[in-house]
Each structure stands twice: as C-alpha cells, then as structure tokens.
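Visitor: Here is my input; please provide its structure:
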Amino acid sequence: MKRLYYLFYIAAMTLVLASCEHKELCYHHPHTVTIRVEFDWRDAPQADPDGMCVYFYPLEGGSGQRFDFNNTTGGEVDLKVGKYRVICFNNDTEAVQFFNTDDFMTHGVFTREGNVLEPIYGNGANYAPRAADTEDERVVICPDMMWGCTATDIDVTEDGVSYICVKPGDDDVKVSNDELVITLFPHELVCTYTYEVRNVTNLKHMTQMCGTISGMSGILTFSTEELGREPVTLPFEARAGGESTVVGKFYTFGHHLENPDPHKMVFYVVMDDGAKYCYKDSENLDVTEQVHNAPDFRHVHLIIDGLNLPDPIENGHGFDPSVDDWEIVEDDIIL
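Guide: Here you go, the predicted model:
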C-alpha cells in the first residue's frame, strides 16, 4: 500500500513540474548592451585629429562615462540600458584644459594664462606694452584645434537606439533605428584666424616677431557652444611671408557677440641690431570691424596694410632678452 502511495506521489509531482514554464534567472540589473559609436565627418571634411573621446551622461544624473578611441571612425562601448546625453571631441589636444567634466550642461574647455611675448620667449617673458584700455585683460594662450558635437534624448534599449543629433545653426536631426549604433557628426568647435600685414619695410632686418589680439573669449561650454563673456588677450606667432609681408595663423574660441570690447592687434618686433619695437594703438590695428563682419566666423582673415620697420642702427648692440625697453610706435601703420 505504501509503495502504491509513493508511486502516485512521484507521478503527481512529475505532472506539476512538467506544467511549470522554465525561465532563466537574470542576475544583471540593469542590462548592459554593446553600442557602436560612429563618427561622420561630413560637417568637417578637412578634420585630422589623432583620436576622439565620447562622454555618456545618464539623464537621471551622475558623472559622465568617458570612452576614448585612437581613431576617427569610432568603436564599441558597453552601456547600461537607459537614457543619456553625449558630448564628443578630439582627444589629441595639448594646450586646452577642461572643467566640470562630470556635468553635461557645464562641461567646458579653457586655456592657461600666458604672456604677450610667449611665442618668442615662453611663459617667463618680461614685461611688454599692451594696447590702450586692454591692460587689465587676462592673457591666455590660444587653444588647440578642436572638433566635436553633442547628442541628446538618447534612449538605449536592448532592441535599438534613438537619439537627437544637435546641429548648431541647423535643424536638429532625430534618429531612431533598430540597431545598436549611434552616429555623431563632429564639426569645428574652434575658430581659425589668419592674418597678413602687407607692405612691411625693412623686413629683412627682423629677427623675431609676435603679436596679440584683444577682446576674445577664453572659455567654451560644449553643450551649448556658449562662449565666456570675459574678454581676454591672445598671443600669437608671426613670421615673414615674403620680402614685405608678415603672416600668421592662430586658433581661438572666438568672441562673444554681446562683448562690446574692441579687437586690437599689437605687434612686437626685434630687429637684428637688438632694437625692440612695439606697434600698437594705430587706427589700422583696430580690427574690430573685420572680426565682426567676417563672412565666416569660423574662418576669419585679417588684413593690415603697411608696417614701417626702421632702418637698422649702425654698430647696434646685441639683443639682451633681459632688457624690457620697448620703443612704442603708434603712427607707423599706413592705410
């Protein structure tokens, strides 16, 4: 009897177990998926960075997670399922520094303080005259060239990704697909300024030269591409571009549109007889209109016509970098 009862119990339990639906237990919450990040360079076809980085900021808050790529095409990253915002930029910079990297809205970039003569003597350079009414501006070095962009409303699921590509000056693009791919469209974040000084006399006697421009911005915030309002002065290199032309190029975050301060250029010239000249405050060195009216604010070309370098002094003394005496020239720029 007991044996029959035992067999009946085994049969009943077998039926109960067979009727139960088997489900795998999930021990990983939230789920993690592998996302493919791709960079599309249609908005900056001439870009040539060594690599890129991407910050994924959880929408509910918290520090961003950084991923670096040693190429310009992209790669795979592992992310938890959820909602994000993204900042990307090239990771091969040397001059710039970053702030608020843990916050999407305020993550930005700036450069360290410098000296107006830094392109010639380095950051330990001596005093040199400044353009009138710009003496109180901080002097900061120029940034590196930077490319980048942002994306918002990123929704990462196990089945796909949706997001909005933010395109300044154009309509944002909403993307939704059933693939685990995010395509980012970097563009120029930094402005390229070039300049030429034409009809320069006695240029063959110039041994060293640099310049500055005032009223520029020293900060860029990635999420909004907003510039800092504080006007700063940027030092830049200068070189002979021919028998009577001086040329140069430098990078800048640009100028804040609501900043009323003018953009004045100053040139510091060392001649082969050791004499040092500072060209400043002439009307033609005020390039405010050229900056503000440039057809393309990302690519600005400045033109100054005429710079009279003096004839060398016979039996002139050798140049002594410890001497701070600069002869100020305010009227030798010829229109």
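Visitor: mind listing what's buried in the one helix or strand Glu289 maps to?
Guide: Using DSSP states H and E, Glu289 sits within helix 288-292. By 16 or more other CB atoms under 10 Å, the buried positions in helix 288-292 come out as Gln290, Val291. Any C-beta I mention is one placed from the backbone N, CA and C, and that applies to glycine too.
Visitor: what helices or strands is that helix leaning on?
Guide: strand 299-308 (3 or more CB pairs under 8 Å, 6 or more residues apart in numbering; DSSP states H and E).
Visitor: Which neighbours in the sheet does the strand it packs on have, and how are they oriented?
Guide: strand 191-201 (parallel) (DSSP bridges).
Visitor: what mean pLDDT would you report for the strand it pairs with?
Guide: For strand 191-201, mean pLDDT rounds to 97.
Visitor: buried stuff in that strand?
Guide: The neighbour-count check on strand 191-201 (16+ other CB under 10 Å) flags Cys191, Tyr193, Tyr195, Glu196, Val197, Arg198, Val200 as buried.
Visitor: Likewise for stretch 131-145?
Guide: Applying 16+ other CB under 10 Å to stretch 131-145 flags Ala131, Thr134, Glu137, Val139, Val140, Ile141, Cys142, Pro143, Asp144, Met145 as buried.
Visitor: What sits closest to Lys83 if chain neighbours are left out?
Guide: Nearest non-adjacent residue to Lys83, counting by CB to CB, 6 or more residues apart in numbering: Leu59, 3.9 Å away.
Visitor: give me the low-pLDDT residue ranges for the stretch 51-200 of the chain?
Guide: Applying pLDDT under 70 to the stretch 51-200 of the chain flags the ranges 124-126, 169.
Visitor: where do the helices sit along it?
Guide: 118-121 (DSSP state H, counting those that start in this stretch).
Visitor: Please list the outside residues in contact with stretch 250-263.
Guide: Counting contacts by CB atoms under 8 Å, 6 or more residues apart in numbering, the residues outside stretch 250-263 that touch it are 109, 134, 137, 142-145, 190-193, 213-220, 227-229, 231, 234, 236-237, 286-288, 291-292, 297.
Visitor: per the record, what domains does this protein have?
Guide: With domains defined by automatic domain parsing, the chain comprises 32-92+147-188, 118-144+189-329.
Visitor: show me the contacts for the nearest residue to Leu285 once chain neighbours are set aside.
Guide: Nearest residue to Leu285, sequence neighbours excluded (CB to CB, 6+ apart): Met265, at 4.7 Å. Neighbouring residues of Met265 by CB under 8 Å, 6+ apart: Ala131, Tyr195, Gly211, Thr212, Ile213, Ser214, Leu285, Asp286, Val287, Leu302, Ile304.
Visitor: can you rerun that using 7 Å?
Guide: Residues in contact with Met265 (CB atoms under 7 Å, 6 or more residues apart in numbering) are Gly211, Thr212, Ile213, Leu285, Val287.
Visitor: Check Ser217 too.
Guide: So Ser217 contacts Leu227, Gly228, Val232, Phe253, Gly254, His255, His256 (CB under 7 Å, 6+ apart).
Visitor: Just the pLDDT at the fourth one, thanks.
Guide: Read that as Phe253. 98.
Visitor: what's the neighbour count on it?
Guide: Neighbourhood size, Phe253 [other CB atoms under 10 Å]: 28.
Visitor: Residue numbering should commence at 38 henceforth.
Guide: From this message on, residue numbering opens at 38, which makes the last subject Phe290.
Visitor: Need phi/psi at it.
Guide: phi -70, psi -20 (degrees, to the nearest 10).
Visitor: Distance of it relative to Thr270?
Guide: Counting by CB to CB, to the nearest Å, the gap from Phe290 to Thr270 is 13 Å.
Visitor: And for the last one?
Guide: Going from His293 to Thr270 by CB to CB gives 14 Å.
Visitor: Looking at these two now, which is surrounded by more residues?
Guide: Neighbour count, other CB under 10 Å: between His293 and Thr270, Thr270 has more, with 24 against 18.
Visitor: Now do the helix or strand where that one lies, average pLDDT.
Guide: When elements are assigned from DSSP H and E, Thr270 belongs to strand 268-274. Per-residue pLDDT values over strand 268-274 give a mean of 98.
Visitor: Show me what that strand is packed up against.
Guide: With contacts taken as 3 or more CB pairs under 7 Å, 6 or more residues apart in numbering; DSSP states H and E, strand 268-274 sits against helix 155-158, strand 175-176, strand 243-254, strand 283-289.
Visitor: Columns distance to Asp80 on top of these, output as TSV?
Guide: Shown next, in TSV, are the helices and strands packed on strand 268-274 (distance: least, CB to CB, whole Å):
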stretch	distance to Asp80
helix 155-158	31
strand 175-176	32
strand 243-254	22
strand 283-289	18
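Visitor: for these, which one sits closest to Ile219?
Guide: Smallest distance to Ile219 across these (CB to CB): 28.1 Å, for strand 283-289.
Visitor: got the angle between whichever helix or strand comes after the closest one and strand 268-274?
Guide: Next in sequence after strand 283-289, counting helices and strands by DSSP H and E, comes strand 302-308. Orientation check (axes from the mean of the first three to the mean of the last three CA atoms, to 10 degrees): strand 302-308 against strand 268-274 gives 30 degrees.
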